[in-house]
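In: structure for the following, please:
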Amino acid sequence: MRTLCPNLDREDALETVLEVPVPEEMISSNKHNSWQTIRSWMLRPPLDAAAVSSVLGGRAAEIQFLLGVIAAPLIPLPIRCDRTTVGDNIKSCPIESSMARYIVQQYVAAAGGEHVLNSINSMYAVGKVKMAASEFLSGDDLSLANNSKAGKLKNMKNGRGEIGGFVLWQKRPDLWSLELMVSGYKISAGSDGKVAWRQTPWQHSHASRGPPRPLRRSLQGLDPRSTANLFSNSICIGEKTINGEDCFVLKMEAEPSTLRARSSTKVEIIRHTLWGCFSQRTGLLVQLEDSHLLRIKAPKNDVFWETTMESSIQDYRTVEGVNIAHSGKTSVSLFRFGENSESHTRTKMEEIWSIEEVDFNIKGLSMDCFLPPADLKREDEGSGVINVADSDELTKNGGLPYKFMANSYRVVGGKGGSKVVAVDEE
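Out: Residues are numbered from 1 along each chain as shown. Okay, here's the model as predicted:
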């Protein structure tokens with residue numbers, strides 16, 4: 001990962017520190033042109049409505065769509081910030097709960113032990129990502145997944161995809177800051193313990209609905225203590241084999257009160273479920289999956305959005321006594337239904353990620369590092385704004401699955417005129 005950009009105007013001048021490190025793959029053989037491109041990203045002004053409109057339907061819209069969905073999703077419910085504990089008497093719980101607590105105890109031991117995990121008060125991680133929208137199906141194509149009409153987009157198996165990097169700072173599960181840049185497009189997100197927020201060049205900063213929740217990316221093998229605390233109240237629903245590895249499956253459901261806090265007068269969060277698969281051999285988390293269903297209320301027919309996100313977690317290495325996952329892959333499926341079959345859509349996307357650097361107990365990491373943006377706005381309940389899977393606004397747009405509207409949080413598209421298809425859950 002490159003952290004410094006050379007001064008292209010004066011060879012004897014100091015290099016510029018990049019806000020987000022750049023993967024080596026982005027520096028081509030013609031290094032001068034590559035650095036010129038990166039510098040243009042840093043000098044790029046915020047996108048306005050005209051700028052966004054000029055690129056809708058192109059690569060820029062797809063990148064914005066990917067960042068909105070995959071970059072900074074949140075987990076279903078808050079996590080307590082105290083020390084790692086699994087509970088008092090396991091035997092006093094129902095069998096499903098006691099099994100889950102025993103599995104979490106084994107996970108804590110495999111991740112480094114309770115003493116080591118409780119000694120961590122902050123974390124820093126740098127990583128790189130590669131993401132692409134892999135498939136788009138609509139209408140009758142949904143029943144014919146292999147139909148030639150199905151919209152096949154970029155596939156990373158063929159070496160294609162958008163490359164970028166990210167920096168994550170975290171002090172508690174609800175105190176974190178993320179900056180992620182892909183192909184020159186940057187998204188910032190964070191939580192100050194009171195409110196979770198996100199900010200992009202093509203959209204005003206806005207706050208999440210409900211209590212602040214941890215970043216899902218942290219639970220993909222980066223924060224074992226939060227993972228243990230999250231699943232300490234789960235239930236064991238059975239076993240599953242993943243890539244030849246026998247695993248226990250633990251399940252968590254968001255509480256109705258949490259779902260109500262995240263809902264609005266126009267949008268109802270019906271459910272948000274999380275599953276964790278823990279290896280029976282190593283005790284470590286090898287897969288994280290969550291499914292999220294919301295209903296958008298409309299005068300005629302309500303529209304439903306179901307988002308499923310599945311992350312495989314791999315390459316565990318010990319860092320200061322803690323087992324940290326250093327690579328993985330996340331697959332996402334977005335399914336819209338509820339109206340006539342012609343308006344049904346399914347979009348698939350994927351992200352390959354790796355951790356290049358991680359450290360704990362960062363000196364000088366104060367509350368000022370997690371302050372929200374000055375232009376942060378809480379979305380009004382009546383504004384009709386919701387994010388699918390904590391994502392940005394989406395719309396159907398010809399060859400690409402969705403289109404962004406710069407000054408509106410509504411989504412347009414589909415046959416027979418404009419339709420609101422997603423509003424802000426957050």
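In: switch to C-alpha atoms for all contacts and neighbour counts from now on
Out: Fine.
In: and the host helix or strand of residue 273, what other elements does it pack with?
Out: Per DSSP states H and E: residue 273 is located in strand 267-279. Judged by 3 or more CA pairs under 8 Å, 6 or more residues apart in numbering; DSSP states H and E, strand 267-279 is in contact with strand 245-253, helix 256-262, strand 285-296.
In: now the angle between strand 245-253 and the longest one, please.
Out: When you say that, I think you mean strand 285-296. 30 degrees (axes from the mean of the first three to the mean of the last three CA atoms, to 10 degrees).
In: picking that back up, tell me which of the helices and strands packed on strand 267-279 sits most buried.
Out: strand 285-296 (a mean of 22; mean count of other CA atoms under 10 Å).
In: can you tell me the strand partners of that one and which way each runs?
Out: strand 267-279 (antiparallel), strand 303-319 (antiparallel) (DSSP bridges).
In: kindly export the longest helix along the chain (C-alpha atoms) in CSV.
Out: The longest helix of the chain (DSSP state H) is helix 95-111. C-alpha atoms of helix 95-111 as CSV (Å, rounded to 0.1, in the frame of the first residue of the first chain):
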residue,chain,number,x,y,z
ILE,A,95,-30.0,-25.6,25.5
GLU,A,96,-29.7,-23.5,22.3
SER,A,97,-28.4,-20.5,24.3
SER,A,98,-26.0,-22.5,26.5
MET,A,99,-24.6,-24.2,23.4
ALA,A,100,-24.1,-20.8,21.8
ARG,A,101,-22.3,-19.4,24.9
TYR,A,102,-20.0,-22.4,25.0
ILE,A,103,-19.1,-21.9,21.3
VAL,A,104,-18.5,-18.2,22.0
GLN,A,105,-16.2,-19.2,24.9
GLN,A,106,-14.2,-21.4,22.6
TYR,A,107,-14.0,-18.5,20.1
VAL,A,108,-12.7,-16.1,22.7
ALA,A,109,-10.0,-18.7,23.6
ALA,A,110,-9.1,-19.2,19.9
ALA,A,111,-9.0,-15.5,19.2
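In: state the next helix or strand along the chain beyond the worst-scoring helix or strand of the chain on mean pLDDT.
Out: Counting by mean pLDDT, DSSP states H and E, the chain has its least confident helix or strand at helix 49-55, which shows a mean of 41. Next helix or strand after helix 49-55 toward the C-terminus (DSSP H and E): helix 59-66.
In: and that next one, what's its mean pLDDT?
Out: Averaged over helix 59-66, pLDDT sits at 80.
In: one more: stretch 356-366?
Out: On average, stretch 356-366 scores 91.
In: okay, buried residues for that stretch please.
Out: Neighbour counts over stretch 356-366 (16 or more other CA atoms under 10 Å) mark 358, 360 as buried.
In: for that stretch, measure first residue to last.
Out: 24 Å (CA to CA, to the nearest Å).
In: equivalent analysis for stretch 356-374, please.
Out: Stretch 356-374 end-to-end distance (CA to CA) = 31 Å.
In: what residue ranges in the stretch 151-300 of the chain score low on pLDDT?
Out: The stretch 151-300 of the chain contains residues with pLDDT under 70 at 151-159.
In: tell me which of the strands paired with strand 285-296 is the most buried.
Out: strand 267-279 (a mean of 22).
In: quick revisit: Throw the helices and strands packed on strand 267-279 into TSV and include distance to residue 183, thanks.
Out: Shown next, in TSV, are these (distance: least, CA to CA, whole Å):
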stretch	distance to residue 183
strand 245-253	35
helix 256-262	32
strand 285-296	27
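In: out of the ones you listed, which is closest to residue 206?
Out: Nearest to residue 206 among the helices and strands packed on strand 267-279 is helix 256-262; the distance by CA to CA comes to 13.9 Å.
In: which elements pack onto the closest one?
Out: strand 267-279.
In: again, only this time at 7 Å
Out: Helices and strands touching helix 256-262, by 3 or more CA pairs under 7 Å, 6 or more residues apart in numbering; DSSP states H and E: there are none.
In: sorry, back to before: just send the strands paired with strand 285-296 back as JSON lines, with distance to residue 222 too.
Out: Listed next are these as JSON lines, based on distance: least, CA to CA, whole Å:
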{"stretch": "strand 267-279", "distance to residue 222": "14"}
{"stretch": "strand 303-319", "distance to residue 222": "10"}
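In: let me know the angle separating the longest helix of the chain from strand 267-279.
Out: Using the same axes, to 10 degrees, helix 95-111 lies at 60 degrees relative to strand 267-279.
In: mind listing what's buried along helix 95-111?
Out: Of the residues in helix 95-111, those buried (16+ other CA under 10 Å) are 97-111.
In: just checking, residue 174 touches residue 211?
Out: No. In terms of CA atoms under 7 Å, residue 174 does not count as a neighbour of residue 211; the distance is 9.4 Å.
In: neighbour count for these two, which is higher?
Out: Under the criterion of other CA atoms under 10 Å, the comparison of residue 174 against residue 211 puts residue 174 first, with 23 against 17.
In: residue contacts, that one?
Out: Each residue near residue 174 by CA atoms under 7 Å, 6 or more residues apart in numbering is listed here: 191, 192, 193, 212, 213, 214.
In: now flag whichever of the residues you listed is closest to residue 279.
Out: Of the contacts of residue 174, the one sitting nearest to residue 279 (CA to CA) turns out to be residue 214, at 23.4 Å.
In: wait, the closest one touches residue 76, no?
Out: No. Applying CA under 7 Å as the test, residue 214 and residue 76 come out as separate, 8.7 Å apart.
In: any idea how far residue 242 is from residue 189?
Out: 31 Å.
In: show me which of those two is the more surrounded one.
Out: Each of residue 189 and residue 242 has its neighbours counted (other CA under 10 Å); residue 189 has more, 25 against 14.
In: who is the more buried one paired with across the strands?
Out: Beta-bridge partners, per DSSP bridges, of residue 189: residue 178, residue 198.
In: OK, contacts around it?
Out: Contacts of residue 189 by CA under 7 Å, 6+ apart are 72, 177, 178, 179, 197, 198, 199.
In: run the last query once more with 10 Å
Out: By CA atoms under 10 Å, 6 or more residues apart in numbering, residue 189 lies in contact with 71-73, 168, 176-180, 196-200, 205-207, 215, 370, 372-373.
In: what do you get for residue 129?
Out: 23, 71, 161-166, 180-182, 327-329, 351-355.
In: among those residues, which are in strands?
Out: Within the contacts of residue 129, residues falling in strands by DSSP state E are 162-166, 180-182, 327-329, 351-355.
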